[in-house]
Every structure is written in structure tokens, then in C-alpha cells.
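Q: Coordinates only, no sequence provided:
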């Protein structure tokens, strides 16, 4: 399984939001915020190693204030979006992740078992933990027949079982034999407030599947690499 945090966006918007409630916003202030963020952040939202010291000091001050209030006033943190690509989480774990689709504002797309075919594949977490029946028979030197007949109907051998001969290339039928250990790729986007909820549910302290926990914690690590102030203490603190 590979995890990729692609970018973190909307930080300038979130900082700007701090100045709205008490009417301390001016267009000049917002322009300054955006200029400072442009100087400090890469286009992917990572802090630049060569960020000017004066701009970085302003940025850090704003971020401290944003997070001081944002964990309670969570709408401010909803301006910050995190884009993530996951490669190879097992399909059952993908289903667990899909359960948070509303928190992603439905911004999640995964590999389809209808539009794509799978072979004897499984996610890295399941490697050496399970042996599918077909592979077990092969290891035992038992050769399963290529064709079965039942009640006059022919079924042909395919991945994990047999399919009615005339339906062997039908993707809707083929996926009925896929195991939940098959690897799934997906991309999703989540705002910082909603991510905090997902982290609490799917991270190490939650009750998720072990591979889902690994996925969640790896995302948390990479978010912190982009923005060190976005750490686990903050995720646990955000009211959501």
C-alpha cells in the first residue's frame, strides 16, 4: 500500500476568515495574507525550505491564531482541503473508507470492480496471511477442471471459481467471485475539520481494520510533513 498526500489548499482562505467576524478584514489585509502564503508555501501547500524569514514569521503567527480558534470554530478549518491518493488498500478497507463519503462531500473515486478486472491479487497486508483456494490447490498439485457441468449447464473456470460459460466475460458476474482482499486504488479530498473526525475513527486509537489504521496514520504523517502544525494533537482536539 502506498499513500500520497498530493496537496493542501485553502490555507490563505482560512487565515482570511479570521478577520471577517469582527470586521477587521480589509482587502489590503487579504492581499497581504495571500502574498505571504505565496512566499511561504509551494503550489502544493508545503512550507518552502527557502521561505523568507519575515514572511515565515507572519505566516506562523497567523497559523497559531487560526488553530487556537479553529479547533472550536470549525468552519474556519473547513476552508482547508487535503487531497490524497491511496494505492493498494484492500477492498473491504476501501468500503470502510467509503463510509465517510459524506464527510468528503462525496469527493472520492475508487477502482471499480465493474469497469476493471482483477486477477489473484491482494493488498500487501494480506500477503502471506491467506491463500486463496485456487492457489492452495495448485500448491497441493491438485488440478481443478476447466469446465464443470450442473443440470446441463456448463461453467468455466475463472478467478476464484466458475462462471456460467456464456457469462464468462460479463463484468457484473465476474466480480461476484472477487475477494475482499483485492487491492483498491482511490483518490479523495477532505477538509481539515472533517479529516479530524476520520482520523479519530480510523487511526490507531479507533476500532478500524489494521490496514485501514496503517492507511490513516500514514496520511497523518504526510499531512504533518506538509504542515507541521497539523499534527495528531490537533486532529484529536478539533470538535468534530
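A: Nice, thanks for sending it over. On a predicted model such as this, the values are computed, not experimentally measured, just so you know.

Q: Residue 110: what's it in contact with?
A: By CB atoms under 8 Å, 6 or more residues apart in numbering, the residues touching residue 110 are 94, 98, 184, 185, 186. Backbone N, C-alpha and C define where each C-beta goes, glycine included.

Q: Quick one, grab the pLDDT at the residue of the chain most remote from its centre.
A: Largest separation from the mean C-alpha position in the chain: residue 152, at 47.0 Å (CA atoms, centre = their mean). As predicted, residue 152 sits at a pLDDT of 93.

Q: ranges for the helices of this protein?
A: Along the chain, the segments classed as helices by DSSP state H run 11-17, 27-40, 53-70, 91-98, 133-139, 171-174, 192-202, 210-226, 232-237.

Q: thinking again about what came up before, residue contacts, the residue farthest from the centre of the chain?
A: Here residue 152 is in contact with no residue (CB under 8 Å, 6+ apart).

Q: Now render the helices of the chain as a markdown table, adding mean pLDDT, distance to residue 121 and mean neighbour count.
A: Below are the helices of the chain laid out as a markdown table (pLDDT from 0 to 100; distance: least, CB to CB, whole Å; neighbours: other CB atoms under 10 Å):
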| stretch | mean pLDDT | distance to residue 121 | mean neighbour count |
| --- | --- | --- | --- |
| helix 11-17 | 98 | 38 | 22 |
| helix 27-40 | 98 | 42 | 15 |
| helix 53-70 | 98 | 41 | 16 |
| helix 91-98 | 94 | 10 | 20 |
| helix 133-139 | 91 | 11 | 12 |
| helix 171-174 | 93 | 13 | 14 |
| helix 192-202 | 98 | 23 | 22 |
| helix 210-226 | 98 | 14 | 19 |
| helix 232-237 | 98 | 32 | 16 |
